[in-house]
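Q: Dropping a prediction and its sequence here:
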Amino acid sequence: METQLNSEMNELIKRFEGGDTEILKKEHRLIEETIGALDDGTLRVCTQVDGEWRTHEWIKKAILYYFKIAEMVEFSVGPFVYHDKIPLKTNYKKLNVRVVPPATARFGSFMEPGVILMPSYVNIGAYVGAGTMVDTWATVGSCAQIGRGVHLSGGVGIGGVLEPAAASPVIVEDRAFLGSRCIIVEGVRIGKEAVLAANVTLTASTPIIDTRNGEFRELKGYIPERAVVLPGTREKKVPGGVIYTSCAYIIGERKASTDQKTSLNNVLREFSVPV
């Protein structure tokens, strides 16, 4: 199925970008089928092959085209009334996903079994792995890829990355823990079992300073596996004086010798990490 959809969508993309603007209406079923495959987990925007994440540009373009062809409609969910182009996701029982009112996920997102959505929001194209907790008022942006056993604490903001279509989405790998009000945007990747303290903000250009091994090594766009990360600032000279700009500090790592729960508790005690 994926191979056929890929081939047909690439032909549609070629014709649309070549000037055939009517092709989207003519082939709307193809676009809708692609979004339906995202919704049931048959497709995902980004997949991992041999440890490397690969973004499927044709799927992201299908989402963009879906917005173009979908019409605004009014619909109700209990006492709530909405006016939008994209319907809400409805197949939670089939997927064995717990959804606490008023959590919302858009059609075209997918959750593996055991996911818990507290009052939160998951956008189209996002994928959430088994056993992950999306806590109260956390948001999972368009096309974001969230691994298994992840905890997104209250108010965490995972940014959406739809355009440009070739750009990598935000990726949070298995068993990572993101403290309250963390903000992760612009395709930043969080490695497996990393622990981020409350209020860590990471963009593609945020300096991530690794203080381990007695030296300061600067990274951008990636938190290594099992790293323990704190928000911070660093000095910057400007005309007229000195200011302090945001950064993040890697101050240690989880111990591989303990299981996940014990390891997390030990990390929080050892480094006094606020969550």
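A: The structure has been received and is ready for your questions. Numbers count the residues shown, from 1 in each chain.
Q: Could I get the full set of strands for the stretch 1-150 of the chain?
A: Along the stretch 1-150 of the chain, counting by DSSP state E, counting those that start in this stretch, strands occupy 46-49, 52-55, 73-77, 80-84, 98-99, 104-105, 110-111, 116-117, 121-122, 127-128, 133-134, 139-140, 145-146.
Q: Put together TSV for those, with mean pLDDT, mean neighbour count and distance to Tyr222 on each row.
A: Quick note: C-beta positions are derived from backbone N, CA and C, even for glycine. Putting the strands of the stretch 1-150 of the chain into TSV (pLDDT from 0 to 100; neighbours: other Cβ atoms under 10 Å; distance: least, Cβ to Cβ, whole Å) gives the following:
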stretch	mean pLDDT	mean neighbour count	distance to Tyr222
strand 46-49	93	14	14
strand 52-55	95	13	11
strand 73-77	90	10	38
strand 80-84	92	11	34
strand 98-99	97	18	31
strand 104-105	96	22	27
strand 110-111	98	26	24
strand 116-117	98	22	27
strand 121-122	98	24	23
strand 127-128	98	26	19
strand 133-134	98	24	22
strand 139-140	98	25	19
strand 145-146	98	26	14
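Q: Please render these as TSV that adds distance to Asn213 to the earlier fields.
A: What follows is these, written out as TSV (distance: least, Cβ to Cβ, whole Å):
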stretch	distance to Asn213
strand 46-49	28
strand 52-55	26
strand 73-77	52
strand 80-84	50
strand 98-99	42
strand 104-105	41
strand 110-111	38
strand 116-117	37
strand 121-122	38
strand 127-128	34
strand 133-134	32
strand 139-140	34
strand 145-146	30
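Q: Nearest to Asn10, out of the ones you listed?
A: Shortest distance between Asn10 and the strands of the stretch 1-150 of the chain, using Cβ to Cβ, is found for strand 52-55: 14.8 Å.
Q: And that closest one, what does it pack against?
A: For strand 52-55, the packing partners by 3 or more Cβ pairs under 8 Å, 6 or more residues apart in numbering; DSSP states H and E come out as strand 46-49.
Q: could you dump the strand it packs on to CSV, C-alpha only?
A: Taking Å, rounded to 0.1, in the frame of the first residue of the first chain, the C-alpha atoms of strand 46-49 are listed here in CSV:
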residue,chain,number,x,y,z
CYS,A,46,9.1,10.1,9.7
THR,A,47,10.6,6.6,10.2
GLN,A,48,13.8,5.2,11.6
VAL,A,49,16.0,3.0,9.4
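Q: can you give me how far it is from the chain middle?
A: Mean-position distance between strand 46-49 and its chain equals 14 Å (Cα atoms, centre = their mean, to the nearest Å).
Q: Could you say which one of the strands of the stretch 1-150 of the chain comes nearest to Pro207?
A: Using Cβ to Cβ, the nearest of these to Pro207 is strand 52-55, at 22.2 Å.
Q: Other residues contacting that closest one?
A: Applying Cβ atoms under 8 Å, 6 or more residues apart in numbering, the set of residues contacting strand 52-55 from outside is Val45, Cys46, Thr47, Gln48, Gln145, Ala166, Ala167, Ser168, Pro169, Ile171, Arg189.
Q: Then stretch 79-94?
A: 39-40, 66-67, 70-77, 98-99, 102, 104-109, 111, 122, 124.
Q: how about the strands in the stretch 151-275 of the chain?
A: Secondary structure of the stretch 151-275 of the chain (DSSP E, counting those that start in this stretch): strands located at 151-152, 157-158, 171-172, 177-178, 183-184, 189-190, 195-196, 201-202, 208-210, 217-219, 222-223, 227-238, 241-253.
Q: how about the ones you listed in TSV, adding mean pLDDT, mean neighbour count and distance to Glu17?
A: Converted to TSV, the strands of the stretch 151-275 of the chain look like this (pLDDT from 0 to 100; neighbours: other Cβ under 10 Å; distance: least, Cβ to Cβ, whole Å):
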stretch	mean pLDDT	mean neighbour count	distance to Glu17
strand 151-152	97	24	36
strand 157-158	98	26	29
strand 171-172	98	28	27
strand 177-178	96	28	37
strand 183-184	98	23	31
strand 189-190	98	24	29
strand 195-196	96	28	39
strand 201-202	98	22	33
strand 208-210	97	19	36
strand 217-219	96	12	35
strand 222-223	98	22	31
strand 227-238	95	16	40
strand 241-253	95	15	38
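Q: hmm, back to that, so which of the strands of the stretch 1-150 of the chain gets nearest Asp210?
A: Once these are compared by Cβ to Cβ, strand 52-55 is nearest, at 20.9 Å.
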